[in-house]
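Colleague: Attaching a predicted model along with its sequence, questions to come.
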Amino acid sequence: MNENRKWDLQAGYGQIEITPKPGHSLMAGYGVDRIANGTELPLISQVLYLKDQNRQEWIWITADIIGFDRTTTAALKYSISEKYNIPQQHVVCCASHTHWGPATLYSIGLSCGAINPWYVFEMEDKILSAVDTAVNNSGPARMQYQATDVKIGVNRRKPGKDGKIEFAPNPDGHYDAHTPVIFIERHNTSEHIIITGHACHPTSSGGDMQKWSPDYPGYMRRYINRIHPQYKVMFIMGCGADAKVAFINDKNEYQFAAHPNQACEGGEKLAKAIIEAINNKPFVSLSGEIMCNEQNGSLTLGQKPTDSQIKTWAVQSPRHHFETAWARQMLSMKKDIKEIPYNITTWKIADTLSIIFMEGEVCGHYGPLGRSLTKTEYAMTVGYTNAVDGYIPSQEIRKQGGYEGHDMHKAFFLPAPFTESVEDEIVTLLKRSLEF
């Protein structure tokens, strides 16, 4: 690392445990009845506070949850802005998207994790406490960036013989291996901050494991901290909605990870690649001002089924299935919207690094696409930021169908999937967010 750079930033760090108390929250994801009976690894929220050379302040929040609800993000941004006079667009909330975390989304289908608002209120209080810690314990720092490529999984959309998309390992499918590393060195302390990410679903602990866990990101942090206990490691999810942790089995075939030990292997593989990069790859200095461009738009939904069709599914479809629950919830709440709001925020650091923050479960196509559109030398894409209202498919995925392309709206309590213009709508916002 370059030891001759100026200490031109102020940086602070806060961390707090957010594991629910027993019985305080249902588990999120999967569309089955899931109630945690213990803790595999604690869930945490982490906060980075930055003040750049122009005295502009920034807050980056991460948390081991399925996603930040749009209303939770709005409440956190409001509270932080009111207390510290930090512009709301200077605050981002990034979820790891672990499927062994609590239900935190008001907008999701009830069968995929019915929210307990009292847990969410408590979580918000804890996160704000970690923000206080980060702000009040800040000091001189300097920031660097680099990236490496590593694969801990494969694409999970496999074309079947009939042309339909199966939920199965597809090693030939798209997988965004780009793994960014931001290293924030703090003056007069050995406790440095690492922000690193990977584009692969944290769904590798197995459906039978009914314990709270960050999944592979937690094992990644644990492995790094065993070797470097002074590092504070924050995880961000890239555009990996259509990727899943996998390994090669005894038949020399890819198989999805489905056990805590396999989640641990995936996390440790990622950790080793990050440590190797930190020790042996050159860093780029991020010395200069930070700029922000927030763009708001909407994504168009397709044609909603008729009330008669929905009623038939609600009454005649098999019980104990998330699609049946969607139909009943749709009849009861009569949700009828034509579009959903969508936000992309880009931070540009020192005219060197662009960080693109995207809402939703962003599929892997958008990782390299977003980076290719930037005008800075380096770029990184982050999904699951500020709101998770559904999967964000490419035009190709939307046409192919499958869960990410066609069926996901039922998990997210939307009346219909997105139209095939979804990629055009995303790219328009992407380009606007990169105009500085």
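Modeller: Arrived safely, thanks for sending.
Colleague: Does Ala273 lie in a helix or a strand, and which?
Modeller: Ala273 is part of helix 260-280, with elements assigned from DSSP states H and E.
Colleague: Excluding its own residues, what touches that helix? List them.
Modeller: Surrounding helix 260-280, the residues in contact under the criterion C-beta atoms under 8 Å, 6 or more residues apart in numbering are 40, 146-148, 150, 152-153, 179, 181, 183, 194, 196, 198, 200, 202, 204-206, 209, 213, 215-224, 227-228, 245, 247, 257. Just so you know, the C-beta spots here come from the backbone N, C-alpha and C atoms, and that holds for glycine as well.
Colleague: In strands only, show me the residues you listed.
Modeller: Gln146, Ala147, Thr148, Gly153, Thr179, Val181, Phe183, Ile194, Thr196, His198, Val245, Phe247 (DSSP state E).
Colleague: and the two most separated of these?
Modeller: Among these, the pair separated by the greatest distance (C-beta to C-beta) is Phe183 and Phe247, at 29.2 Å.
Colleague: mean confidence score for the helix holding Ala273?
Modeller: For helix 260-280, mean pLDDT rounds to 97.
Colleague: same deal with stretch 184-200?
Modeller: Mean per-residue pLDDT for stretch 184-200: 95.
Colleague: Could you do stretch 321-337 as well?
Modeller: Mean predicted confidence for stretch 321-337 is 91.
Colleague: ditto for stretch 284-293
Modeller: When pLDDT is averaged over stretch 284-293, the result is 95.
Colleague: list the buried ones in it?
Modeller: By 16 or more other C-beta atoms under 10 Å, the buried positions in stretch 284-293 come out as Val284, Ser285, Leu286, Ser287, Gly288, Ile290, Met291, Cys292, Asn293.
Colleague: now swap in stretch 87-105 and tell me
Modeller: Within stretch 87-105, the residues that qualify as buried by neighbour count (16+ other C-beta under 10 Å) are 90-105.
Colleague: go on, stretch 390-405?
Modeller: For stretch 390-405, burial by neighbour count (16+ other C-beta under 10 Å) applies to 390-395, 397-398, 400-405.
Colleague: ok, now stretch 198-209?
Modeller: Within stretch 198-209, the residues scored as buried using 16+ other C-beta under 10 Å are His198, Ala199, Cys200, His201, Pro202, Thr203, Ser204, Ser205, Gly206, Met209.
Colleague: out of the residues you listed, who's nearest Leu429?
Modeller: Using C-beta to C-beta, Ala199 is the member of the buried residues of stretch 198-209 that sits closest to Leu429, with 19.4 Å.
Colleague: so who does the closest residue to Val131 other than its chain neighbours touch?
Modeller: Of all residues not flanking Val131 in the chain, Val47 sits nearest, at 5.1 Å (C-beta to C-beta, 6 or more residues apart in numbering). Taking C-beta under 8 Å, 6+ apart as the contact definition, Val47 lies against Tyr13, Gly14, Gln15, Ile59, Trp60, Ile61, Thr62, Ile127, Ala130, Val131, Thr133, Ala134.
Colleague: mind checking how far Asp336 is from Asp69?
Modeller: With the distance defined as C-beta to C-beta, to the nearest Å, Asp336 ends up 21 Å from Asp69.
Colleague: per-residue confidence for Gly23?
Modeller: Predicted confidence (pLDDT) at Gly23: the value is 83.
Colleague: Good, wrapping up.
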